[in-house]
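A.B. asks: Here is my input; please provide its structure:
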Amino acid sequence: MAKRRPKTGDKRLTRQPLNIDRLPTEMHDRILFERTRNGRTWLELEALSPTFTKEWEKVAPEIQQLFPGLRLPKSNLHRWYDLRVEQVQQESQLEVERARAVAESFAHVERGDLDAAVTNALTDQIFALTENVDERSRKALRGDLIKLGRLLVQRKRAEIQEKQAETEQARVELLKQKLDKLTNDAAKKLEKGQQLTKQDIDRIRERTFGLPPA
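C.D. replies: Numbering: from 1, shown residues only. Have a look, this model is predicted:
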C-alpha cells in the first residue's frame, strides 16, 4: 500500500528540506509580507512570484532552476508556510502553555509539603511533556525540569530562612525593648533615692556589663 503524502497541518517525522527552504531570507520575507500583510492567496502568490525581481536576483542560478519560469508553485508555498510558520507558531504557543503549567505547579507550595509538591508536580509535567517527543529530547527535558525543581526548592528554602531570620530579629528587638524599659525603670528608682530590687540589679548588670544574674 502506497504511503500517504502528508497533508497541510500534518507533522513530518523528519525535517526534510523543501525547495523553498533553499531560497534566501529576502524571498521568505517577501512571501510572508504578501501573505500576511497583503492577504494574498496561494494562487495569487504563485502568479506574482515571477515579479519578485529584487528577491530573485539574490537567488543562485542553480536554485532558480528548481522553479521553472521563476514561479513559486502554490502547493509548495502552502506546504512551506504550514511547516515553517503555522506549525512553528502552534508549537511555540504550546511550549508557552506548558511552561506556564510548570510554573503554576509551584505557585501555592506550602512549607511542610515543599519537597513532595515539587516531586509530584515534576512527575506530572514530565509525563505530559514527554508523551510526543523522542527519547533524546525526553532525557534532556527531564534534566531541565529536575534542575528547575531544584532551583525552585532552593529559592523557597531561602525565602523561608529569610522569614525565620526576620522573625528572630523581631523577637530580639522586642526583648531589647523590654530590657530597656526595665533598665530605665531601675535608673529612675536610683534618681529618686529608692531601693533597687534584686531584679533591678540583675537587669543593670546584664544591660551594662553583659553579666548574667548573680
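
A.B. asks: in the host helix or strand of Trp80, what's buried?
C.D. replies: According to DSSP states H and E, Trp80 maps onto helix 74-81. Residues of helix 74-81 classed as buried: 74, 76-81 (neighbour count, 16 or more other CB atoms under 10 Å). No exception for glycine: its C-beta is placed from N, CA and C like everyone else's.

A.B. asks: other SSEs contacting it?
C.D. replies: helix 25-32, helix 42-48 (3 or more CB pairs under 8 Å, 6 or more residues apart in numbering; DSSP states H and E).

A.B. asks: what's next to the last one, contact-wise?
C.D. replies: It stands for helix 42-48. The contact list for helix 42-48, computed with CB atoms under 8 Å, 6 or more residues apart in numbering, reads 31, 34-35, 40, 71-75, 77-78.

A.B. asks: Redo the residues you listed as CSV? Include distance to Ala158 and pLDDT.
C.D. replies: Formatted as CSV, the contacts of helix 42-48 follow (distance: CB to CB, whole Å; pLDDT from 0 to 100):
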residue, distance to Ala158, pLDDT
Ile31, 50, 96
Glu34, 53, 95
Arg35, 49, 94
Arg40, 55, 95
Arg71, 62, 97
Leu72, 56, 97
Pro73, 59, 97
Lys74, 58, 96
Ser75, 57, 95
Leu77, 53, 96
His78, 52, 96
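
A.B. asks: So which of those residues is the closest to Ile160?
C.D. replies: Arg35 (52.9 Å; CB to CB).

A.B. asks: quick one: that closest one from Gln16, how far?
C.D. replies: As judged by CB to CB, to the nearest Å, Arg35 and Gln16 stand 22 Å apart.

A.B. asks: Same list, the helices and strands packed on helix 74-81, but as TSV with distance to Val172 please.
C.D. replies: Output for these, formatted as TSV (distance: least, CB to CB, whole Å):
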stretch	distance to Val172
helix 25-32	64
helix 42-48	74
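
A.B. asks: And those: which comes nearest Arg157?
C.D. replies: helix 25-32 (47.3 Å).

A.B. asks: Residues touching the closest one, excluding its own?
C.D. replies: 20, 45, 52, 54-56, 58-59, 72, 77, 80-81, 85.

A.B. asks: at 10 Å instead, please
C.D. replies: Applying CB atoms under 10 Å, 6 or more residues apart in numbering, the external contacts of helix 25-32 come out as 20-21, 23-24, 40, 45, 48-49, 52, 54-59, 63, 72, 77, 80-81, 84-85.
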